[in-house]
Each structure stands twice: as C-alpha cells, then as structure tokens.
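Peer 1: Sequence and predicted structure are below.
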Amino acid sequence: MIEVLSTFALNTVQDLGRFGSRHLGVGTSGVMDPLALTVGNILLGNPDDAAGIEIQTFPFELRFQVDTAFAVTGADCTATLDGRLLPPWWTTPAKAGQVLKLHPPKKGARSYLTLAGGVDVPVILGSRSTHLRSEFGGFMGRALAKGDVLRTAGGVGGPARLGPDEFGAEPADMALPPGASGETDSSDDTLPIRVLRAGEYELFPQEARQRFWRTAWKITHQSDRAGYRLGGEPLKLASRVEMRSYGIVAGVVQVPPSGEPIIQLSDANTAGGYPKIAGVVEADLWRLAQARIGSSIRFVDTTYDDAVAAMAPVDTYLAQIRRVVELYRQRPR
Amino acid sequence: MSLDLTIAAAADEAPPAPTEELPKLSNIGTRALIIEAPGAFDLRQQRRILALADEVATWSGVVEVVPGVTNLMLIFAEPPRDLQACRRALAEAWRRLPPKQLASRVIEIPVIYGGELGSDLAAVCAYSGLPREEVIRIHSSGTYTVCCLGSSPGFGYLHGLDPKIFMPRKTVPSLRMLAGTVTIGGMQAGVSVSTGPNGWNAIGFTAVSMFDLARDTPALLAPGDIVRFTIERDEP
C-alpha cells in the first residue's frame, strides 16, 4: 500500500489500455508511453500490462505503508527515496514508512511508477486504466489526489523481493535513438517521428504535402493525453472534405479545417471526422509521448515495410531486459 | 443470425454488379486498416459494413473491429505480413457479402422537448421555417437506425433524420451540455452520453441512460437497432 503525499493535476493509474471496447465508443485510455510501463513491470517481475501510475505533473510524493519493491521509468525525474538519489529506470525495495519523491524531469514528459504486483484497482471492461472523461476505471475514475491510498495486487512483498535488492535497465531513449538507424540529423533539434501516409494524404495539394514533411511542428499548449495540437503554417485542402465518422487509433494525424494537425493519443475519442494525413508508426509512439509541450517534431515519410521493421529494435531491447532481469532473479542473495 | 436468414437475404438482395465502384482502403499506422464504402450515406451501405464487420471479426489476427459511418476499421494484433493479400480479402468480402439483416430491436426514448435543456429548439424552428409543434412531430415520428457506436461510450450515430429538420452543427459549441441531451448535428440525430462541450443542437432531454457500467450490457444501443423518440412533454 502506498499513500499519496502530494500531487498535481492529471496523474493517473494506467495500464497498457482498454482494448476491445472501441466498438462501444469506449476509448482505450492507457499509458502514453507503453515502453516505459512495460520495462517498469519487467523489472519487478510483473505481467507487462500490470497497472502503474503515470506522472505527468511534478513533484509527486508518496509514502510506502508496507515494504514494497518499486521501479521508476520514463522521463528522468531524479527520484529520491528518503532523500537518496536513485538512478533512472531502476528498481528498489522500499521499507514501510519510506518516502519516494519524483522531481520535475530535465527531459521527457511522463514518468512511470510501477509497484511489485501492480496497482490494484477494479478491472473495468478488461482494464485498470483511468477513463478520465467518463469518470470510470483507475482510482475511482479520477486523477490521484493527496491522501489517496492505493493497494498493490501482489500483497506485501511481491516477486521482486526474491531477487537482488537493486538493479536497472538502460533507458529507452538511450537504447533506441530517434530516427531510422544511423540517419539522425544532428543539425536539427526537432524530434523525427516516422509516419505512414493515411487515407486523405493525396487530397492535399502538393505544396501542402511538401510542407507537411518539411515543417518543424510545434507541440502547442493545447496538448494533453487526448492528443497533441501542432502549431505551424496551416495545411489547407483545395476544397473542404466532409468525412463520415471513422475509427481512431493513437497516432493518427488529422488535419481539422484550421489546417494545424492534431495527433490523436491515449485519451482520444473512438471516432472522428477530420481528414487524416498520416499515422505514427508504432515504434515511435512512446517517443512522441515523451515529447514536451513547446518542443518541435518533424514527420518522416516511411514505407509500410520500414514501419513494420522499426519494431525489431524495440523488441530486441525488451528481450534483452527480460534476459538480464531473469539472470538477476536467479542469482542467490 | 441463422443461416436461413442469410440465404434469404442473399436471394432478396442480389450482390452488387461487378462494375460497382470499389471501396477505399487505407492504413492508419501498421496495425489498423480502414475500409470505406463508396457512394452515399445510406442504410444499405451501412448494412453491408455491418455484414463485413461480422465476417472480419472471425478472421485470425484481427483483435478489434470498429464500424464507423459507412466505414469499418480493423485492428490487427500484429502488422499483416502480406498487406496486399489482406486488402484483396477485404475487397472480396465486401463484394460477396449481402447486407446484414437487422434484428430490428426497437428502443423507445421519451423526450422532454424544449425547455432549458433543449435550448436550440427555437433555432431549429427558425432554420427550418417550421413551427415548433411540427419540428417536434417530425423528430418524434421518425424511425432511426443505429449505424454504429462511437466517439464517447454508448453514443449512437443515428440515420433517419428527416431532411426538413437538418441543422448544421454550431460554430461555437455549448460548453457544458448535459448527458441525455437530445440533439441534431447536420443530417444526424443523437443523444449525448457525457456532460461536456458539444457542437450539436440541443432540442430536448431524456432521462434514459445511454451507457451504464452497472448493466450487463453497458451500452443501451447497438448497431442495427431502431430508435424512436416519443414525446414525454413539450416544455415551452
């Protein structure tokens, strides 16, 4: 059990997402950065999709009420346990009474706290994720608040207590540098995000299409878990297109009549009607989740085959961590 | 649906001519495909989409099937290795399948027309040039078909609004429209499911809950259902 000592808005309990209910109009919710949550769970010996806490406003402080192993992954938020600095992407056993504090990260946008056994909140429509807009799932259907007490599903202890005290994983942004392998452009501090062209790409005039690729799109303040609104010179269609509502997945890049693209993300509605120009490849969704408001991204035109192949380094990275964690667990204490 | 019904449907409605315009297929990322029916927004195309949804739900590797308004999204567990073969199979199934026979479950929704919660009723009257009683009569005598659920939990996109009371969405959305507000958005009718900003025109209110996790089936509506609005009260 943990008790939240201090928190700001919009920190929620999330797992990998509520899949299988989109046809009822129920959006997936789920973590913005699935890679960070998955690694946090692997470090603790949890199932990959155990629920954790997504922290996107800082500082965040909690007290362990019982001995519990935990891990902090995602944005490097200089976590301290009773004042002792912990390395990033690290698992540590906490004693009852110890206080964990997560500070504002120097880079990245979202940190993940995972607990041995996973956060225990009711499973609703197959998931523990918080559906903020509909006020269900997660912890009482809302963001966490000071004084909230959360249980872990593994009870006292949990699997991680069988292994060594502390170890960690290489952070994803170090193991998986952005862009296609070796093709990063150092002259440019915009984050490259690989996309596939989507249904209405060809409807945009050639000039707009070229600008879509060339522009450093700024992630505006109107960006949150539902989606990122991008700022830049608007992309206009030759004539307005009336779309019928169609299914939305995280990563779809739509162009509303204003001409400034929106990337739909974890808390998006399940259906929308704006023309879609592109879709972010799965291998780059976690990276986009860590891009900060005010920073810029550019879209990289990617073929289907390259987009599929882009998952291979991610899979290799996770496999390596699983192997190392396995070795640690077998080592006698 | 029983096999007999499917055969009856096949005899009843001949498959489209091979010269029919092809559906449009497109990707969203590597794990989602969208198939869009050609032609107008009509019920027959929607029934073909629902038939296709039933079929592809049985395909291995497909983890979610999400019907939209005359379109269908498929989500795969893994990116299809042979995308072209997948697209061909979808196009083939689209041509082959007869429109889905709808079970025609009828759901009645009692509406309090007008009043504070139907504050755009006067605007609909002005736009249509029809008196209030006539707008209410037209809306409540229509037969609406649920095309699909989407956007928010339990929200049904309804087909069947009489063109006489079409009303474009508002340019400035209402900031806090209550769940249960009976609305008109362009050529579509609806009932809002969650309280919040909404650009559709509010003509009334219903106490019927469209989505309730305490029910065995949380969503009141399902694709293919028939919805009828009844007049509970007209509130000036």
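Peer 2: Perfect, thanks for sending it. Numbers count the residues shown, from 1 in each chain, chains lettered A, B, ... in the order given.
Peer 1: quick one: low-confidence ranges for the chain?
Peer 2: No chain in the question, so chain A it is. By pLDDT under 70, the weakly predicted segments of chain A are A:154-164, A:179-188, A:330-333.
Peer 1: um, chain B though
Peer 2: In chain B the weaker segments, taking pLDDT under 70 as the threshold, are B:1-19.
Peer 1: quick one, helices of it?
Peer 2: Listed from the start of the chain, chain B has helices (DSSP state H) covering B:3-12, B:43-56, B:83-96, B:121-128, B:132-141.
Peer 1: Outside of the second one itself, list whatever touches it.
Peer 2: What it means is helix B:43-56. Counting contacts by C-beta atoms under 8 Å, 6 or more residues apart in numbering or on different chains, the residues outside helix B:43-56 that touch it are B:13, B:35, B:37-39, B:62, B:65, B:67-72, B:74, B:90, B:93-94, B:97-102, B:145, B:147-148, B:159-160, B:223-224. The way it works is simple: take the backbone N, C-alpha and C, and place the C-beta from them, glycine included.
Peer 1: about what we covered before: using a markdown table, please lay out the helices of chain B together with distance to residue B:107 and mean neighbour count.
Peer 2: Shown next, in a markdown table, are the helices of chain B (distance: least, C-beta to C-beta, whole Å; neighbours: other C-beta atoms under 10 Å in any protein chain shown):
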| stretch | distance to residue B:107 | mean neighbour count |
| --- | --- | --- |
| helix B:3-12 | 21 | 12 |
| helix B:43-56 | 17 | 20 |
| helix B:83-96 | 29 | 15 |
| helix B:121-128 | 22 | 17 |
| helix B:132-141 | 14 | 17 |
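Peer 1: residues in the stretch 1-150 of chain A within reach of chain B, list them.
Peer 2: A:19-20, A:22-26, A:124-125, A:131, A:133-134, A:136 (C-beta under 8 Å from any C-beta of the partner chain).
Peer 1: same thing but 7 Å
Peer 2: Applying C-beta under 7 Å from any C-beta of the partner chain, one finds that the stretch 1-150 of chain A approaches chain B through A:19, A:20, A:22, A:23, A:24, A:25, A:26, A:124, A:133, A:134, A:136.
Peer 1: And the second one, how close does it get to residue B:88?
Peer 2: Same thing as residue A:20. Distance of residue A:20 to residue B:88, computed by C-beta to C-beta, to the nearest Å: 27 Å.
Peer 1: Then the first one?
Peer 2: Noted for residue A:19: a distance of 27 Å to residue B:88, by C-beta to C-beta.
Peer 1: could you pull out the helices for the stretch 51-200 of chain A?
Peer 2: Ranges of helices in the stretch 51-200 of chain A, per DSSP state H, counting those that start in this stretch, are A:172-175.
Peer 1: Not counting sequence-adjacent ones, nearest residue to the residue in it that chain B sits nearest to?
Peer 2: Using C-beta to the nearest C-beta, the closest approach of the stretch 51-200 of chain A to chain B is made by residue A:199 at 3.5 Å. Nearest residue to residue A:199, sequence neighbours excluded (C-beta to C-beta, 6 or more residues apart in numbering or on different chains): residue B:26, at 3.5 Å.
Peer 1: so the one you found sits right up against residue A:198, yeah?
Peer 2: Yes: contact criterion C-beta atoms under 7 Å: residue B:26 and residue A:198 qualify, at 6.0 Å.
Peer 1: so residue A:37 sits in a helix?
Peer 2: Yes: looking at residue A:37 with DSSP: H, G, I helix; E, B strand; the rest coil, it is inside a helix.
Peer 1: Can you get me a residue count around it?
Peer 2: By other C-beta atoms under 10 Å in any protein chain shown, the residues close to residue A:37 number 31.
Peer 1: What residues does chain B have near chain A?
Peer 2: B:24, B:26-32, B:34, B:41, B:63-71, B:73, B:75, B:79, B:83, B:149-155, B:157, B:194, B:213, B:218-219.
Peer 1: so residue A:78 sits right up against residue A:100, yeah?
Peer 2: No: counting by C-beta under 7 Å, residue A:78 does not reach residue A:100; the two are 11.6 Å apart.
Peer 1: Please say which of those two ends up with more neighbours.
Peer 2: Of the pair residue A:78 and residue A:100, residue A:100 is the one with more neighbours under other C-beta under 10 Å, namely 22 against 18.
Peer 1: What residues are bridge-paired with that one?
Peer 2: According to DSSP bridges, the partner residues bridging residue A:100 are residue A:62, residue A:81.
Peer 1: That one is in contact with residue A:62, isn't it?
Peer 2: Yes: using C-beta under 7 Å, residue A:100 makes contact with residue A:62 at a distance of 5.4 Å.
Peer 1: Using PDB, write out every CA atom in stretch A:81-98.
Peer 2: What follows is stretch A:81-98 as a C-alpha-only set of coordinates in PDB (Å, rounded to 0.1, in the frame of the first residue of the first chain):
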ATOM      1  CA  LEU A  81      13.900   7.600  -1.600                       C
ATOM      2  CA  ASP A  82      14.100   9.200   1.800                       C
ATOM      3  CA  GLY A  83      16.400  11.800   0.100                       C
ATOM      4  CA  ARG A  84      18.700   9.200  -1.500                       C
ATOM      5  CA  LEU A  85      19.000   9.700  -5.300                       C
ATOM      6  CA  LEU A  86      18.000   6.700  -7.400                       C
ATOM      7  CA  PRO A  87      19.400   6.000 -10.900                       C
ATOM      8  CA  PRO A  88      16.800   6.300 -13.700                       C
ATOM      9  CA  TRP A  89      15.000   3.100 -14.900                       C
ATOM     10  CA  TRP A  90      15.800   1.400 -11.600                       C
ATOM     11  CA  THR A  91      14.000  -1.000  -9.200                       C
ATOM     12  CA  THR A  92      14.400  -0.600  -5.500                       C
ATOM     13  CA  PRO A  93      12.800  -2.300  -2.400                       C
ATOM     14  CA  ALA A  94      11.200   0.300  -0.200                       C
ATOM     15  CA  LYS A  95      10.700  -0.200   3.500                       C
ATOM     16  CA  ALA A  96       7.400   0.700   5.200                       C
ATOM     17  CA  GLY A  97       7.500   4.400   6.100                       C
ATOM     18  CA  GLN A  98      10.000   5.500   3.400                       C
END
